[in-house]
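Chemist: sharing a sequence plus its predicted fold:
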Amino acid sequence: GAPIAAIPTLNCVVLKSFVKIACNDRTVGQIGQPSLLNCVVKPTQDTTDIDIVNVKWKRSGDAESFLNCHQDEGCTGTWPGYRFADFSSEWDSKNTNISLLITNTQVKDEAKYTCYVYTDSGDDEVDVDLQVTAKYSLPNVSLVPEKKNPNSKEALLCKASGGYPKGTIRWFDENNETISAETEVKTMDNGLFELSSKLVSLNGSTFSNYTCIVFNSSGGKENEGFEGTPSPVVKTPNVVAGVLVIGSLIVGLLLLLLIRRRRAQRKSLLEFWL
């Protein structure tokens, strides 16, 4: 019969990596402070002698890595303020500490980072999340005129700024019961947040003792800003002008009464001597 044609076979060889990157899945950094994304290259087998050829750090969404160290080309970085924590001017292929150090953490640094490692014993990559936080300032509470609500003349205004992520302000009365009031959030130029909350007093009612408390995004209490009877309402320019006019009239009337009294005394003396 006809000869049977040989069927070619494809042998697929999967190269197994004998290394892994061990990192903390999530790191919390403070605004204005250094943040360390701790990562170390470890063998998965009995391999002890690992030669690192290339290490890269890249931020999620970016096409290129911002930090790159290669065995032949040395280390390069395009972003100031980002470097390897165990930094050396000379490449060390035996150094398994590939941690990333962000020297001055800002809001823009909050992201997912990916670390890549290439060795003579295999390759690996891992994702690390950086969460950024900043504590809010002590709340400032003042008694202000209320113009938006026709049924009210004054309100308590509580403000706190410089925090991250978004927090909330809550009001409590002297019995520690929550008073309903909305929190307004504004983004500052540096990416941090400013919180404000207004507690309106209806006409005919008076303010009791209230406490303004700032809570962070996790619901934890950060700062307590006010407790006690509020100070008087800040006078507007129109009110101040009215007070000055009334004061001037009172002074004028007093002077007029004084002049008339002196004239009456002089008249009495003249009549006595005559």
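Modeler: All right, it came through fine. Numbers count the residues shown, from 1 in each chain.
Chemist: now the strands: where do they sit in the stretch 151-274 of the chain?
Modeler: Along the stretch 151-274 of the chain, counting by DSSP state E, counting those that start in this stretch, strands occupy 152-163, 168-172, 178-179, 183-187, 193-202, 210-215, 221-228.
Chemist: run the chain-centre distance for the third one.
Modeler: Taking the mean C-alpha point of strand 178-179 and that of its whole chain, the gap between them comes to 25 Å (C-alpha atoms, centre = their mean, to the nearest Å).
Chemist: in contact with the closest residue to residue 111 other than its chain neighbours, which residues?
Modeler: The shortest distance from residue 111 to any non-neighbouring residue, by C-beta to C-beta, 6 or more residues apart in numbering, is to residue 59 (5.1 Å). (Glycine included, C-beta is placed from N, CA and C.) Contacts for residue 59 (C-beta atoms under 8 Å, 6 or more residues apart in numbering) come out as 66, 111, 112, 113, 114.
Chemist: and the helix or strand the fourth one falls within, which strands flank it?
Modeler: Here residue 113 sits within strand 111-119, counting by DSSP states H and E. Sheet pairing of strand 111-119 (DSSP bridges) gives strand 52-59 (antiparallel), strand 122-133 (antiparallel).
Chemist: re earlier: let me have the strands of the stretch 151-274 of the chain in TSV, extended by mean neighbour count, mean pLDDT and distance to residue 103.
Modeler: Formatted as TSV, those follow (neighbours: other C-beta atoms under 10 Å; pLDDT from 0 to 100; distance: least, C-beta to C-beta, whole Å):
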stretch	mean neighbour count	mean pLDDT	distance to residue 103
strand 152-163	20	89	20
strand 168-172	18	93	31
strand 178-179	12	82	42
strand 183-187	13	96	24
strand 193-202	18	88	24
strand 210-215	21	91	29
strand 221-228	15	67	26
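Chemist: could I get those as TSV with distance to residue 36?
Modeler: As requested, the strands of the stretch 151-274 of the chain are exported to TSV (distance: least, C-beta to C-beta, whole Å):
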stretch	distance to residue 36
strand 152-163	22
strand 168-172	30
strand 178-179	39
strand 183-187	27
strand 193-202	25
strand 210-215	28
strand 221-228	24
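Chemist: wait, which of these is closest to residue 20?
Modeler: strand 152-163 (37.3 Å; C-beta to C-beta).
Chemist: my read is that residue 102 contacts residue 34, right?
Modeler: Yes: proximity of residue 102 to residue 34 meets the contact threshold set by C-beta atoms under 8 Å, at 6.6 Å.
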